[in-house]
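Undergrad: Predicted model and sequence below, questions to follow.
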Amino acid sequence: MRGTSGNLSVVLSRDPLRLAVTASGHDKGELTPADVVLVDGDGAAVAGGRPSAEAALHARVAALTGAGAVVHVHTVASVAMGRREPGGIAFRDLEMLKGVGLPAHDVEVTLPVIANSQDMKVLGDRLEEARDPRMPAVVVAGHGLYVWGENPRQARHHTEVVEWLLELELTQR
């Protein structure tokens, strides 16, 4: 993650839903325990400083998908492809699809692209409506990429795979 862009979260408990989310405005390459905020299922701070503005969306993704961790990045490929393909980005017959649990051949999956909003409820509704359970990610047009997994390691793995797919598509068009 570049500079202070993007954010990370890890689910700490399900009932009630509690997440550790990176605080707003901190360099993600230099995080310390003080840069993490405990939030509830609505993304509101329970303990710590000021959570990322997108904490509510992290909580919504965790509740909706059962994810144990969520990664949000503002990569060039995700922003560019979200602008180029507002209807979604189709991937077909790529070995790298195995990295998100799909067969490499004879399968097509679309990475949803949703319109951005500063209202996390609206953005969460759009994500819920558009998401494909086979793809652990959604692009927010002109903004970035949300990716999730069962745990932080899998969320990071999925982020790397989806970013690779986006970079490939960006170079092909």
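TA: Cool, got the structure.
Undergrad: what about S13, is that helix, strand or coil?
TA: strand (DSSP: H, G, I helix; E, B strand; the rest coil).
Undergrad: so how many other residues sit close to it?
TA: A count of nearby residues for S13, using other Cβ atoms under 10 Å, gives 9. The way it works is simple: take the backbone N, C-alpha and C, and place the C-beta from them, glycine included.
Undergrad: any idea how far S78 is from L166?
TA: With distances taken as Cβ to Cβ, to the nearest Å, S78 is found 6 Å from L166.
Undergrad: and these two? which has more neighbours close in?
TA: When neighbours are counted by other Cβ under 10 Å, S78 and L166 differ, and S78 comes out ahead with 31 against 25.
Undergrad: Which strand or helix spans the most centrally placed residue in the chain?
TA: By Cα atoms, centre = their mean, the chain has its centre lying nearest to Y146, at 1.5 Å. In this structure, Y146 is located in strand 144-149 according to DSSP states H and E.
Undergrad: likewise A90?
TA: strand 89-92.
Undergrad: same for the helix or strand that that strand is followed by, what does it pack against?
TA: Where DSSP H and E defines the elements, the next helix or strand beyond strand 89-92 is strand 108-111. The helices and strands touching strand 108-111, judged by 3 or more Cβ pairs under 8 Å, 6 or more residues apart in numbering; DSSP states H and E, are strand 89-92, strand 137-140, helix 152-172.
Undergrad: now the residue of the chain most remote from its centre, nearest residue through space, not along the chain?
TA: In terms of distance from the mean C-alpha position of the chain, D106 ranks first, at 26.0 Å (Cα atoms, centre = their mean). Using Cβ to Cβ, 6 or more residues apart in numbering and skipping the chain neighbours, the partner closest in space to D106 is D93 (7.2 Å).
Undergrad: Now do that neighbour: how many residues are near it, please.
TA: Around D93 there are 11 residues (other Cβ under 10 Å).
Undergrad: roughly how far apart are it and V61?
TA: 28 Å.
Undergrad: now swap in L145 and tell me
TA: Counting by Cβ to Cβ, the gap from L145 to V61 is 12 Å.
Undergrad: And F91, by the same measure?
TA: F91 sits 21 Å away from V61, going by Cβ to Cβ.
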